[in-house]
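In: A predicted structure for the sequence below; I have some questions about it.
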Amino acid sequence: MAINKEKDNSKDTDVDPNVDHGYAWVILAGCFVMYSLVIGTIKAYGILYTEMVSYYGTGSGNTAWIGSMLLLLLLGLSPVANLLSRKFTFRRVAFTGGMLLCLGYFLSGFVQRMEVMFLTLGVCGGLGYGLSFSPCSTIISYYFKKHRALANGIVVSGSGIGALTFPTFYRFLVEKYGLQGAFWIIGGVVLNVCVAACIFRQPRLLLKEKQSTEAKNCNDKDHEVLLNGKLQQKEDQKDTLSTCYGLDFRFSLFKNPQFTMYCVAFILCMNGYGNNLILIPAHIKAIGYDTQHAVYGVTIMGGCEVVARISFGWIADQKLVKRKHIFLTSMFIASGFCFVAPLFNSFVFMGIFSAIIGTFPGSFWSLVSVLIIDVVGIENFTPAFGLVMLCLAFGVVVSQPTIGFLFLFAGLIVAMEPFILRFFKKHETLDDTVDNTIEIPLQNLKRVVTSEETDSLLDENGGVIFTSPRISRIYRPYESEKQGKSQYSSPAPVVDGNEV
């Protein structure tokens, strides 16, 4: 009985008591605030963009590059940010990102030339975005299991909240304090990323992973082998994960066909959804409506996005429908409406279209984390999420007219999952069969030896008589001088030792 109690206690200590309750909800609040600040300010960059073009008198192309740098660094730094989070904790990495983000906006208020803005806002601010976005998007999945999709849905719904509030807030700041004053105040606002980061706690699973890795490093470093009376440091058979922990991006995850499949699908979906933020207001103006109606369209899209991300997360946790099927349905509905949208010229339809886009493809962010975990497991989630975001960073340049096809292809790729898995399993089976088969080629084989000849090649003791002149005499048994040449003295089959 005592042994059983000890086993039960050991099992309890392996489970984080904060998962799905307790401090997990505090982590959720911090992630929501951080996500709202990071994504909300990114989406509101368009307000600063127009003011910067007017203030500095530069071309719109150069100013637009700053926004592209921010988005590229926000997504592209995810593998590095998550790798650093595993080593130095999510709190420290996100806190550093908040400091860089504040510094980037604050220094931009002193810039007098657009070229310098690339360094202050583009590089410094972009690094801050990259080190803040991935930690708050990743840590939440470690604190929720039963309600994981709902928790992710609540966090990513902060994107819609930020998109609805920050543009108006930016406009007020620019009109009240000018562009430079707006930069300083925005720098103070985004400093709250550091406040949200302070409540982060490193997940127990990652703490144990780090402890085991450090212990293994110490054992490998101190382990010495006594050989031939000399002390020699053991240099081989070291684990790559332990010796190069800081460089372990887990690119081997791309060998998983399901993981690669979802990476491609997410790239297509994100590009289709992101481009709608530009095309919806542009199409509303093209059919004869004013700017206010265009704002209504974007507002409808953002409001539906908030509700849908939370709702789809809750539905995914109920397990009434497979998460994969939710993603498939969303992509096919969105692609259908995109194909018919050019046929309508009424604002009523465009309002419905905005709601559809915000509801279905807009909700895919609440499914990204849970779909990745379903494929690679929670143990590999941190590097896997970083790699997915890196793929999204490379996919942000897809052209706008193909939005309907992007949603369609995203759905078709996931729908082909059974065929993809069957294809890879078939090839793995063939590879295993080839690896387990050893072929020994026989060279210079003149003829086939019959069973009768095989018997005559054996001496009375059952040994093989070697009579070929091609075999050295030292490898032959003792031969009498009276023994003549055997009728079986033709060249024997030779096996090349390098081919065995």
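Out: The structure has been received and is ready for your questions.
In: residue boundaries of the helices in the stretch 151-300 of the chain?
Out: The residue ranges that make up the helices of the stretch 151-300 of the chain, judged by DSSP state H, counting those that start in this stretch, are 158-190, 192-197, 204-222, 240-243, 257-286, 291-318.
In: those helices: lowest mean pLDDT?
Out: Within the helices of the stretch 151-300 of the chain, the stretch with the lowest mean pLDDT is helix 240-243, showing a mean of 40.
In: my guess is residue 143 contacts residue 27, does it?
Out: Yes. With contact defined as Cβ atoms under 8 Å, residue 143 and residue 27 form a contacting pair (4.9 Å). Just so you know, the C-beta spots here come from the backbone N, C-alpha and C atoms, and that holds for glycine as well.
In: with respect to residue 389, which of the helices of the stretch 151-300 of the chain lies nearest?
Out: helix 257-286 (9.2 Å; Cβ to Cβ).
In: now do the buried residues in that closest one.
Out: Residues of helix 257-286 classed as buried by neighbour count (16 or more other Cβ atoms under 10 Å): 258-263, 265-277, 279-281, 283-284.
In: do the same with stretch 334-344
Out: Judged by neighbour count (16+ other Cβ under 10 Å), stretch 334-344 contains these buried residues: 334-335, 337-338, 341.
In: residues near residue 378, how many?
Out: Taking other Cβ atoms under 10 Å as the criterion, the count of residues near residue 378 is 15.
In: mind putting the helices of the stretch 151-300 of the chain into JSON lines with distance to residue 68?
Out: Conversion of the helices of the stretch 151-300 of the chain to JSON lines gives the following (distance: least, Cβ to Cβ, whole Å):
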{"stretch": "helix 158-190", "distance to residue 68": "18"}
{"stretch": "helix 192-197", "distance to residue 68": "22"}
{"stretch": "helix 204-222", "distance to residue 68": "32"}
{"stretch": "helix 240-243", "distance to residue 68": "35"}
{"stretch": "helix 257-286", "distance to residue 68": "12"}
{"stretch": "helix 291-318", "distance to residue 68": "20"}
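In: any idea which of these is most buried?
Out: A comparison of these by mean neighbour count, using mean count of other Cβ atoms under 10 Å, puts helix 192-197 on top with a mean of 22.
In: only alpha carbons, please: show that helix as CSV.
Out: Extracted as CSV, the C-alpha positions of helix 192-197 are listed here (Å, rounded to 0.1, in the frame of the first residue of the first chain):
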residue,chain,number,x,y,z
ASN,A,192,2.5,47.3,-21.2
VAL,A,193,3.8,44.3,-23.0
CYS,A,194,6.5,44.1,-20.3
VAL,A,195,3.7,44.3,-17.7
ALA,A,196,1.9,41.3,-19.3
ALA,A,197,5.2,39.4,-19.5
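In: now the common contact residues for residue 143 and residue 27.
Out: residue 18 (Cβ atoms under 8 Å, 6 or more residues apart in numbering).
In: residue 355: which of the helices of the stretch 151-300 of the chain is closest?
Out: Evaluated over the helices of the stretch 151-300 of the chain, closeness to residue 355 peaks at helix 291-318, with 4.8 Å, by Cβ to Cβ.
In: now do the same end-to-end measure for stretch 181-201.
Out: Using Cα to Cα, to the nearest Å, the end-to-end distance of stretch 181-201 comes out at 35 Å.
In: out of the helices of the stretch 151-300 of the chain, which is closest to residue 407?
Out: Evaluated over the helices of the stretch 151-300 of the chain, closeness to residue 407 peaks at helix 257-286, with 4.8 Å, by Cβ to Cβ.
In: packing partners of the closest one?
Out: Packed against helix 257-286, as judged by 3 or more Cβ pairs under 8 Å, 6 or more residues apart in numbering; DSSP states H and E, are the following elements: helix 291-318, helix 323-340, helix 347-359, helix 365-376, helix 381-394, helix 403-415, helix 417-435.
In: that one vs helix 158-190, what angle?
Out: Regarding helix 257-286 and helix 158-190, their directions subtend 80 degrees when assessed with axes from the mean of the first three to the mean of the last three Cα atoms, to 10 degrees.
In: surely residue 132 meets residue 193?
Out: Yes. Under the criterion of Cβ under 8 Å, residue 132 is in contact with residue 193, at a separation of 5.3 Å.
In: what sits in contact with each of the two?
Out: Counting by Cβ under 8 Å, 6+ apart, the common neighbours of residue 132 and residue 193 are 34, 38, 94, 97-98, 101.
In: let me have these in a markdown table, extended by neighbour count, pLDDT and distance to residue 302.
Out: Putting the shared contacts of residue 132 and residue 193 into a markdown table (neighbours: other Cβ atoms under 10 Å; pLDDT from 0 to 100; distance: Cβ to Cβ, whole Å) gives the following:
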| residue | neighbour count | pLDDT | distance to residue 302 |
| --- | --- | --- | --- |
| 34 | 30 | 96 | 19 |
| 38 | 29 | 95 | 16 |
| 94 | 30 | 97 | 25 |
| 97 | 29 | 96 | 24 |
| 98 | 25 | 96 | 24 |
| 101 | 30 | 96 | 22 |
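In: just checking, which of the residues you listed belong to helices?
Out: Cross-referencing the shared contacts of residue 132 and residue 193 with the helices (criterion: DSSP state H) gives 34, 38, 94, 97-98, 101 as the overlap.
In: between the buried residues of stretch 334-344, which sits nearest residue 418?
Out: Of all these, the one with the least separation from residue 418 (Cβ to Cβ) is residue 335, at 20.8 Å.
In: contacting residues around the closest one?
Out: 404-408, 411.
In: of all those residues, which comes closest to residue 70?
Out: For residue 70, the nearest member of the contacts of residue 335 is residue 406. The distance, counting by Cβ to Cβ, is 22.4 Å.
In: that closest one contacts residue 266, doesn't it?
Out: No. No contact is recorded between residue 406 and residue 266 when judged using Cβ under 8 Å, the distance being 11.0 Å.
In: where are the low-confidence patches of this protein?
Out: Filtered on pLDDT under 70, the chain yields the residue ranges 1-15, 59-61, 217-247, 396-404, 429-500.
In: now render the ones in helices among the shared contacts of residue 132 and residue 193 as a markdown table, adding distance to residue 109.
Out: Output for those, formatted as a markdown table (distance: Cβ to Cβ, whole Å):
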| residue | distance to residue 109 |
| --- | --- |
| 34 | 23 |
| 38 | 20 |
| 94 | 24 |
| 97 | 20 |
| 98 | 18 |
| 101 | 14 |
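In: and which of these is nearest residue 128?
Out: Using Cβ to Cβ, residue 101 comes nearest to residue 128 of those, at 2.9 Å.
In: that closest one and residue 123 touch, don't they?
Out: No. At 11.8 Å, residue 101 does not count as touching residue 123 under the criterion of Cβ under 8 Å.
In: restricting the selection to alpha carbons, write stretch 256-268 to PDB.
Out: Presented in PDB, the C-alpha positions along stretch 256-268 are these (Å, rounded to 0.1, in the frame of the first residue of the first chain):
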ATOM      1  CA  ASN A 256       6.400  14.600 -40.800                       C
ATOM      2  CA  PRO A 257       4.000  14.800 -43.900                       C
ATOM      3  CA  GLN A 258       1.100  16.000 -41.800                       C
ATOM      4  CA  PHE A 259       3.100  18.900 -40.300                       C
ATOM      5  CA  THR A 260       4.300  20.000 -43.700                       C
ATOM      6  CA  MET A 261       0.800  19.700 -45.100                       C
ATOM      7  CA  TYR A 262      -0.600  22.000 -42.500                       C
ATOM      8  CA  CYS A 263       2.300  24.500 -43.000                       C
ATOM      9  CA  VAL A 264       1.300  24.800 -46.700                       C
ATOM     10  CA  ALA A 265      -2.400  25.100 -45.800                       C
ATOM     11  CA  PHE A 266      -1.800  27.800 -43.200                       C
ATOM     12  CA  ILE A 267       0.300  29.800 -45.700                       C
ATOM     13  CA  LEU A 268      -2.500  29.800 -48.200                       C
END
